[in-house]
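Asks: Coordinates only, no sequence provided:
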């Protein structure tokens with residue numbers, strides 16, 4: 001789902017105009033972004049927590065010249081930790097395509113009937 005689809009869903013579900021729903025989404029994104037920039041967290045009970053985390057600098061290898069070492073600087077990255085309600089909702093839905101490999105045995109497709117021989 002992209003931003004436009006989210007705005008349409010909010011508009012339909014809550015009974016707002018698309019402009020009002022767009023303003024709500026923009027306000028939410030701005031508030032979360034500003035809070036994370038200041039080192040804070042945004043927690044929505046039952047849904048999850050948005051937070052920022054500092055990733056330490058490290059020494060890496062230049063992929064174009066493996067003999068060359070490069071310094072990768074520290075950086076602050078956004079994180080999201082899913083809450084219990086969201087985790088439980090996803091467990092309950094358990095979509096088959098998200099489970100990974102199926103444990104059911106593979107079955108060969110049934111053999112098609114033989115084709116009629118010409119001239120008979």
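Replies: Perfect, I can see it now. From a predicted model like this one, the values you see are computed outputs, not experimental measurements. Numbering: from 1, shown residues only.
Asks: use CA for all of it now, contacts and neighbours both
Replies: OK.
Asks: This protein: strands as residue ranges?
Replies: Per DSSP state E, the chain carries strands over the ranges 42-44, 48-55, 58-62, 65-72, 75-82.
Asks: which of the residues in the longest helix along the chain are buried?
Replies: For the chain, the helix that runs over the most residues, judged by DSSP state H, is helix 18-37. Within helix 18-37, the residues scored as buried using 16 or more other C-alpha atoms under 10 Å are 18, 21, 22, 25, 32, 33, 35, 36.
Asks: Ok, stretch 4-22 next?
Replies: Applying 16+ other C-alpha under 10 Å to stretch 4-22 flags 7, 8, 10, 11, 18, 21, 22 as buried.
Asks: Pretty sure the third one sits against residue 19.
Replies: In this case it means residue 10. No - checked against C-alpha atoms under 8 Å, the pair residue 10 and residue 19 is beyond contact range at 10.7 Å.
Asks: hang on, the earlier thing: adding distance to residue 43 and pLDDT, write the buried residues of helix 18-37 out as TSV.
Replies: Formatted as TSV, the buried residues of helix 18-37 follow (distance: C-alpha to C-alpha, whole Å; pLDDT from 0 to 100):
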residue	distance to residue 43	pLDDT
18	26	97
21	21	97
22	21	97
25	16	97
32	10	97
33	13	97
35	11	97
36	11	97
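Asks: which two in those residues are spaced the farthest apart?
Replies: Largest separation among these by C-alpha to C-alpha: 18 and 36, giving 26.9 Å.
Asks: circling back to that earlier point, helices or strands up against the longest helix of the chain?
Replies: helix 3-14, strand 42-44, strand 48-55 (3 or more C-alpha pairs under 8 Å, 6 or more residues apart in numbering; DSSP states H and E).
Asks: repeat that with 6 Å
Replies: Contact analysis of helix 18-37 by 3 or more C-alpha pairs under 6 Å, 6 or more residues apart in numbering; DSSP states H and E lists helix 3-14 as its packing neighbours.
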